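Q: sequence first, predicted coordinates after that:
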Amino acid sequence: MISKLCTGDNTFRFLAILMAGFIISLFKFNNVDAQQRSSQTFESQNIQQALNHAQNKLLQTLDEINYNPAKHPGHTNPETGEWDVDYLSRNEWTSGFFAGSLWYMYRLTGEDSWKELAKTWTEDLEPMTMATFDHDTGFRIFNSFGNGYKTLNKRSYYRTILKAANTLSKRFDPAIGAIKSWDWTGNYPVIIDNLMNLELLFWVAENSGNRSLYNIAKTHAETSLKHHMREDGSTYHVVDFDNNGDVYRKFTTQGAGPTSVWTRGQAWAIYGFTMIYRFTGEKKFLEAAEAASQYFIERLPSDFVPYYDFFEPYRSVQTKDASAAAIAASGFLELYQHTFNSLYFNTAVEILLSLSSSDYSTHQSSLSSILKKSTLHRGFGNVGTSYADYYYLEAIMRYKEVLEEEFPALNVENFLFLDQNYPNPFNNQTIIYYSLEQSGETKLSVYDMTGRHVQTLVNGQMPAGSFVVPFDGSGLSSGVYIYRLRNNGTVLTRKMTLIQ
């Protein structure tokens, strides 16, 4: 177990820091044993019981919203315990979390019914790829379509993700060096939450080769590192810039005051900078994640679930935030995989133990969410949220991955799909991706715009699955060409542009 020390006056703070350093050194010295102890403790709580509870609550939610895929739970009504009917729209920043939880449930159980539900709730969100009114495209699309693509390899989902990344990138201002978060307040506000949406850009850049998206994401990360992080490892919620890129003011809207430390924002920093390190490999982002983590861990109460703000002065509004704990737990588990510092692993386990207990789990109540006692903002606590549930399930998945536990075999489907070639336009060399739903006679050919046959790339019996085929346009004239896929009588066609 990790001891928690009070951080009141300077003497106690100093002693806490010394003791925390000593604890860290002990964990590093005996990393494997510490991990095994926490693993056994968590296993004694029975992960399967937690997953059974999650399944029951997700089914309860589906009944509550009448299996309507246009309804995407955000947070519960504190009076009824049911999902607030005013926050079920796909426009809400929270709309991608329920679909993401359905994908996680499929991956954790292997039951096809969860896959079908996840597809349905995911595909309703497709119009949000064009949402230009805020920065939350990543939350809406990558949590839904992103998890769907990584699970099913469904190429149409990939195209949706690319479209969403392009939309998000348009909110980037190179003069500011950041993606604008909100349009409804301030001049150019950038919030710590925005780190999370960078994963969409980084992932698309990595999987498509679009370097400009990588540069946008990394520049934003550097701007946030410079201006959101305080020297002690804590974070501001909002940094507002003037039109020249200079800081106008720094403050916190969700927390107790301008200089307070909003715990969900601190969790976003832990998770976000760890994720950014995964894509960039740059040590400064890893160090930021560790500094944010140390600040968070040193101030956790004995049950490892923080209050919504570390410095709320009034007990009457000092509510717990299970969502901050769940986000941090998931972030700690990835951070552990980069550092092998057992402090992060063990803290994540302690959080999961607490969230799975009757203090925070709804398994003994009629509430609609999986977890209770989240806080939306100051004065609005003791509710369930779809994002607390999502990161709780993600943390369980990551915990199982760290321990290399076996996951159920998934029934991954194949789809008939012909993708846009990449790059396009191209100079001599490009690649064409296609997938087949069924095995059969398959032909992939290239034609010019007059219909003249140029080249056959595939011709013969092919199995179901996904394939990448290179095309060499050397010797051809610049212009537009057609490539056509024929499989078992079905024909798909796309255009590509060659520039010599």
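A: Here it is on my side, so go on.
Q: from here on, contacts and neighbour counts on C-alpha atoms
A: OK.
Q: spatially nearest residue to residue 246 (excluding sequence neighbours)?
A: The shortest distance from residue 246 to any non-neighbouring residue, by Cα to Cα, 6 or more residues apart in numbering, is to residue 176 (7.7 Å).
Q: that neighbour - how many residues pack around it?
A: By other Cα atoms under 10 Å, 20 other residues sit near residue 176.
Q: and the gap between it and residue 282?
A: From residue 176 over to residue 282 the distance is 22 Å, taken as Cα to Cα, to the nearest Å.
Q: helix, strand, or coil at residue 431?
A: Classification of residue 431 by DSSP: H, G, I helix; E, B strand; the rest coil places it in strand.
Q: and the one 10 residues further on, by the same measure?
A: Local secondary structure at residue 441 is given as strand here, using three-state DSSP.
Q: give the contact list for the closest residue to it other than its chain neighbours.
A: Residue nearest to residue 441 in three dimensions, not counting chain neighbours: residue 461, with 4.5 Å by Cα to Cα, 6+ apart. By Cα atoms under 8 Å, 6 or more residues apart in numbering, the residues touching residue 461 are 439, 440, 441, 442.
Q: please name the residues that touch the nearest residue to the first one once chain neighbours are set aside.
A: Right, the one you point to is residue 439. Setting aside the residues directly before and after it, residue 439 is nearest to residue 463 in space (Cα to Cα, 6+ apart), at 4.1 Å. Listed by Cα under 8 Å, 6+ apart, the contact partners of residue 463 are 436, 438, 439, 440.
Q: the residue nearest to residue 246 contacts residue 248, doesn't it?
A: No - if you go by Cα atoms under 8 Å, residue 176 and residue 248 don't touch, sitting 11.7 Å apart.
Q: intersection of neighbour lists for these two?
A: The contact lists of residue 176 and residue 248 share residue 241, where a contact means Cα under 8 Å, 6+ apart.
Q: for residue 496, grab phi and psi.
A: Here is the backbone geometry of residue 496 (degrees, to the nearest 10): phi -140, psi 160.
Q: in the chain, which spans are strands?
A: 172-173, 178-179, 189-191, 238-241, 247-251, 417-418, 429-436, 440-448, 453-462, 465-472, 479-487, 490-498 (DSSP state E).
Q: just name the most buried of those strands.
A: Mean neighbour counts were compared across these using mean count of other Cα atoms under 10 Å; the top stretch is strand 178-179, at a mean of 28.
Q: picking that back up, of the strands of the chain, which is nearest residue 344?
A: Closest to residue 344 of the strands of the chain, according to Cα to Cα: strand 189-191, at 24.8 Å.
Q: so, low pLDDT: which residues of this protein?
A: Within the chain, the stretches with pLDDT under 70 are 1-45.
Q: domain map for it?
A: 10-402, 417-498 (automatic domain parsing).
Q: just send those domains back as JSON lines, with distance to residue 409 too.
A: Listed next are these as JSON lines, based on distance: least, Cα to Cα, whole Å:
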{"stretch": "domain 10-402", "distance to residue 409": "6"}
{"stretch": "domain 417-498", "distance to residue 409": "17"}
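Q: out of these, flag the one nearest residue 410.
A: For the domains of the chain, the distance to residue 410 is smallest for domain 10-402, at 5.3 Å, taking Cα to Cα.
Q: quickly note the distance from residue 296 to residue 62.
A: In terms of Cα to Cα, residue 296 sits 35 Å off from residue 62.
Q: err, residue 401, not the other one
A: Per Cα to Cα, residue 401 is found 28 Å from residue 62.
Q: more neighbours, the two?
A: residue 62 (18 against 14).
Q: look up the closest residue to that one, ignoring the ones flanking it.
A: Using Cα to Cα, 6+ apart, the nearest residue to residue 62 is residue 68, at 7.8 Å.
Q: and if you look at residue 138?
A: With Cα to Cα, 6+ apart, the residue lying closest to residue 138 is residue 197, at 4.4 Å.
Q: ditto for residue 208
A: residue 422 (7.9 Å).
Q: run a quick neighbour tally on that neighbour.
A: So residue 422, with other Cα under 10 Å, has 16 neighbours.
Q: again, but for residue 82
A: For residue 82, using other Cα under 10 Å, the count is 21.
Q: got a list of what it touches?
A: 64, 76, 367, 368, 369.
Q: tell me who's in contact with the most centrally placed residue in the chain.
A: The chain has residue 143 as the residue nearest its centroid, 5.4 Å off, counting by Cα atoms, centre = their mean. Residue 143 makes contacts with 96, 97, 99, 100, as judged by Cα under 8 Å, 6+ apart.
Q: got the contact list for the third one?
A: Contacts for residue 99 (Cα under 8 Å, 6+ apart) come out as 72, 118, 119, 121, 122, 143, 144.
Q: gap between residue 62 and residue 114?
A: Taking Cα to Cα, one finds residue 62 at 11 Å from residue 114.
Q: please read the previous query as pertaining to residue 384.
A: 21 Å.
Q: so for these two, which sits in the more crowded spot?
A: residue 384 (34 against 23).
Q: what are the phi and psi values for the more buried one?
A: Dihedral angles (degrees, to the nearest 10) for residue 384: phi -90, psi 150.
Q: go on, residue 192?
A: phi -60, psi -30.
Q: do I have it right that it meets residue 269?
A: Yes - using Cα under 8 Å, residue 192 is in contact with residue 269, at 6.7 Å.
Q: tell me, what's touching these two both at once?
A: Joint contacts of residue 192 and residue 269 (Cα under 8 Å, 6+ apart) are residue 235.
Q: neighbour-wise, which of the two wins?
A: Counted by other Cα under 10 Å, residue 192 and residue 269 do not tie: residue 269 has more neighbours, with 35 against 26.
Q: distance of the more buried one from residue 195?
A: 7 Å.
Q: so who does residue 237 touch?
A: Counting by Cα under 8 Å, 6+ apart, residue 237 has contacts 191, 192, 193, 228, 250, 251, 252, 253, 254, 261, 262, 265.
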